[in-house]
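# Okay, here's the prediction I keep looking at, along with the sequence it came from:
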Amino acid sequence: MLGLLLPHLAGTAVDGAGIGGDLVTIDVRAAAGGAACPDCGTWCTAVHDRYRRRLRDAAAGGRRVLIWLVVRLLRCGNAECLRASFAEQPAGLAVPYARKTPLLAGQLGAVAAALAGRAGSRLARAVLAVEVSRHTLVRVLMALPEPAAGLVRVLGIDDFSLRKGQAYATLLVDMETGRPVDVLPDREQATVEQWLRAHPGAEVVCRDRGGAYAAAVRAAAPGAVQVADRWHVWHNLCEYAGQAVARHRECISSGSCACQGRPREEQEPREEQEPREAAGVVPAGLEAAVRERHAAVRELRAAGKTQDQAAAALGLSRQTAGRFWRAASAEALLKTRGTSALDPYKPYLRRRWDQGITGIAALHREITALGYAGSEPTTYAWLALLKLAAPARPPAPPAARQISRWMLTDPARLGEDEQAQLAAVLGRCPELRVLAGHVTEFATMLTGRLGNRLDSWLADAGEHPALASFAGGIRQDYQAVRNALDLEWNSGRVEGLNTRTKQLHRQMYGRASFQLLRKRILTG
């Protein structure tokens, strides 16, 4: 039973056990009659001395476990062996100089690799019922053996920031197994080149489009096939496309293409004076508009629509729709107070309102400067009628960022409304329409592994003003990009491990040394 519950004590004899509070104490001794000499392997039974050894063990039932091990000092009977005596080490229970059992050491090593210092100490205390300091966990972590790099046939290389804009390191990944094999303290060409010379055998190298890594691979592994990261290539194209769409904001918001030099239609401001309204009478045009809009809102309300839905359907703001929503009749909105000191200034207010000046406080200041002596609530009451009868707001044009997202998305994944809006924008601007075609064609090459189309794409896209620089960058790194479009390898695993590396870096708040971060990356 003891061997089932505590298998690491199976080779020992238990002399006694006790429980005191949250501590379990176990007295054990080696059950074997002797032990093999660690140097020559001779089986030894002659006892020279004994002493008690204190070992902390993994928790049992939420209680801390302390093992008192009686250790025998044995004499080596081999006359040719240089070791005179040695302390026996029961297998699975003790190792030389350790104060923890291998079971507890393994648990703390896993905690240290996952959380390192303070966080690991809190977890060990709360879950494992083991009191351990953050410094001990760091020492445990640094003592863990690093996995051997071995032969890496397909290598992934990428950099990550130790301090953004100032210090960077390099992550090396075995693309076939998906595990990190080493971390270099910088991203210089000489450092990467030295590592590649010390670890020959790379046949394929997946990298980003940085020049230092490309030069290092050419110098240290000239026979390796270089593969550019497809994600970075696509990301660069997205940046160029987004910048191009942002430069065509006028084409998106206007009814014609401004970039082609065609004049846009501009409405001339109305210079004619509005006829003077009769005192205390709402103009017929305003009254008809208010009545018609009130009837439309009440009809939607009767149909079970919400106030927000009614506002969206009629192109009104929520506040304006709310006034119609709450008014029992149109007369409640059209009531006037007879003759007012504002009457001489109403034509001026109508002109300014039609010119797009709709700030009531600003308009009140303007007529006050012209001699109006009334109060602002009177001005507000009159302008509120203009607001109720104002034409419905046209739908806002899509933002440049939204247009970019639609352009860079598979058309099959866009809704009908999104496709219609994108088609409307592209129909107004031939330059954006051509750009969208190039982007779609490149996406087809990227997802379909159609590298044979790259040359023709570069010839066509290189003539487009928005993609000329992007095409020039691809020509400088042509073979690596072509391999990315043809081969199955990509830097996806490197980017995933790079994200994990940044998480580890943030966990330690940037205070850990490079050696500690490297150890966590390789052993985690």
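That came through, no problem.
# Helix or strand for the residue of the chain positioned farthest from its centre, just tell me which one.
Largest separation from the mean C-alpha position in the chain: Ala79, at 66.7 Å (CA atoms, centre = their mean). Secondary structure assignment for Ala79, by DSSP states H and E: no helix or strand.
# Please report the distance of it from Thr42.
Going from Ala79 to Thr42 by CB to CB, to the nearest Å gives 10 Å. From N, CA and C alone the C-beta is placed, and that goes for glycine too.
# average pLDDT for stretch 36-50?
Average pLDDT, stretch 36-50: 89.
# Could you work out the end-to-end span of that stretch for me?
17 Å (CA to CA, to the nearest Å).
# what comes up buried for it?
By 16 or more other CB atoms under 10 Å, the buried positions in stretch 36-50 come out as Cys37, Thr42, Cys44.
# can you dump the C-alpha coordinates of stretch 70-83 into CSV?
The C-alpha atoms that make up stretch 70-83 are tabulated as CSV, following Å, rounded to 0.1, in the frame of the first residue of the first chain:
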residue,chain,number,x,y,z
VAL,A,70,18.7,7.4,8.1
VAL,A,71,21.7,7.3,5.8
ARG,A,72,24.6,4.8,6.1
LEU,A,73,28.2,5.6,5.2
LEU,A,74,29.5,2.5,3.5
ARG,A,75,33.1,1.5,2.9
CYS,A,76,34.1,0.5,-0.6
GLY,A,77,35.7,-3.0,-0.6
ASN,A,78,37.5,-2.6,-3.9
ALA,A,79,41.2,-2.0,-3.1
GLU,A,80,41.7,-0.3,-6.5
CYS,A,81,38.9,2.2,-6.0
LEU,A,82,40.0,5.7,-4.9
ARG,A,83,36.8,6.3,-2.9
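# And that stretch, how far out from the chain middle?
60 Å (CA atoms, centre = their mean, to the nearest Å).
# Which positions within it qualify as buried?
So for stretch 70-83, counting by 16+ other CB under 10 Å, buried means Val70, Val71, Arg72, Leu74, Arg75, Cys76, Cys81.
# Could you tell me whether the first one really is in a helix?
No. Counting by DSSP: H, G, I helix; E, B strand; the rest coil, Val70 is not part of a helix but strand.
# Name all residues that make contact with it.
Asp15, Asp27, Val28, Arg29, Ala30, Arg50, Tyr51, Arg52, Arg53 (CB atoms under 8 Å, 6 or more residues apart in numbering).
# which parts of stretch 80-97 are buried?
Buried-residue list, stretch 80-97, by 16+ other CB under 10 Å: Cys81, Phe86, Ala87, Glu88, Gln89, Pro90, Gly92, Leu93, Ala94.
# who touches it?
Against stretch 80-97 from outside (CB under 8 Å, 6+ apart): 7-12, 28, 30, 34-35, 37-40, 42, 44, 48, 53, 55, 67, 69, 71-76, 101-103.
# tell me the mean pLDDT over that stretch?
88.
# Ends of that stretch, what's the gap?
In stretch 80-97, first residue to last residue: 26 Å (CA to CA).
# now that stretch: how far from the chain's centre is it?
Using CA atoms, centre = their mean, the offset of stretch 80-97 from its chain centre is 52 Å.
# tell me the contacts of Leu386?
Leu286, Leu349, Arg350, Trp353.
# who wins for most neighbours among those residues?
If you count neighbours using other CB atoms under 10 Å, the busiest of those is Leu349, which has 22 neighbours.
# from memory it sits against Leu370, does it?
No. Taking contacts as CB atoms under 8 Å, Leu349 lies outside contact range of Leu370: 10.5 Å.
# Show the low-confidence segments of this structure, by residue range.
Applying pLDDT under 70 to the chain flags residues 1-4, 253-285, 334-339, 391-396, 510.
# before we move on, back to that, in JSON lines: the buried residues of stretch 36-50, plus secondary structure.
Below are these laid out as JSON lines (three-state DSSP):
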{"residue": "Cys37", "secondary structure": "coil"}
{"residue": "Thr42", "secondary structure": "coil"}
{"residue": "Cys44", "secondary structure": "strand"}
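# Stretch 66-74: how far from the chain's middle?
On CA atoms, centre = their mean, the centre of stretch 66-74 falls 53 Å from that of its chain.
# And the contacts of Leu386, which is closest to Arg318?
Set against Arg318, the nearest of the contacts of Leu386 by CB to CB is Trp353 (20.6 Å).
# Nearest spatial neighbour of the closest one, chain-adjacent residues omitted?
Setting aside the residues directly before and after it, Trp353 is nearest to Leu386 in space (CB to CB, 6 or more residues apart in numbering), at 5.2 Å.
# And for Leu23?
Per CB to CB, 6+ apart, closest to Leu23 is Arg64, 5.1 Å.
# try Glu146
Per CB to CB, 6+ apart, closest to Glu146 is Leu522, 5.2 Å.
# you'd agree that neighbour is up against Asp182?
Yes. Using CB under 8 Å, Leu522 makes contact with Asp182 at a distance of 7.4 Å.
# hey, where'd the helices end up in the stretch 401-524 of the chain?
Applying DSSP state H, counting those that start in this stretch to the stretch 401-524 of the chain gives helices spanning 416-428, 430-448, 454-461, 468-476, 478-486, 492-507, 514-523.
# now the ones you listed in CSV, with distance to Cys238?
Listed next are the helices of the stretch 401-524 of the chain as CSV, based on distance: least, CB to CB, whole Å:
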stretch, distance to Cys238
helix 416-428, 16
helix 430-448, 8
helix 454-461, 14
helix 468-476, 10
helix 478-486, 15
helix 492-507, 15
helix 514-523, 29
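# right, so of those helices, which gets closest to Ala60?
helix 514-523 (26.9 Å).
# in the closest one, what's buried?
Leu516, Leu517, Arg518, Lys519, Arg520, Ile521, Leu522, Thr523.
# List the contacts of that helix.
So helix 514-523 is contacted by 113, 116, 138, 141-142, 144, 146-147, 162, 169, 171, 180-183, 185, 497, 500-501, 504-505, 508 (CB under 8 Å, 6+ apart).
# Who are the contact partners of Gly109?
Per CB under 8 Å, 6+ apart, neighbours of Gly109: Val140, Leu141, Leu144.
# That one and Ser317: what is the separation?
Look at Gly109 and Ser317: by CB to CB, they are 63 Å apart.
# partner residues bridging Arg163?
Ala167 (DSSP bridges).
# what about it, how many residues close to it?
Neighbours around Arg163, by other CB under 10 Å: 9.
# Pop out the phi and psi values for Ala303.
phi -80, psi 0 (degrees, to the nearest 10).
# Quick check: it vs Gln309, distance?
10 Å.
# Also Ala110?
Taken as CB to CB, the span from Ala110 to Gln309 is 56 Å.
# again with Ala46
Ala46 is 95 Å from Gln309, by CB to CB.
# before we move on, what about Asn452?
52 Å.
# which one of those two has more residues nearby?
Using other CB under 10 Å, the more surrounded residue of Asn452 and Gln309 is Gln309, with 14 against 11.
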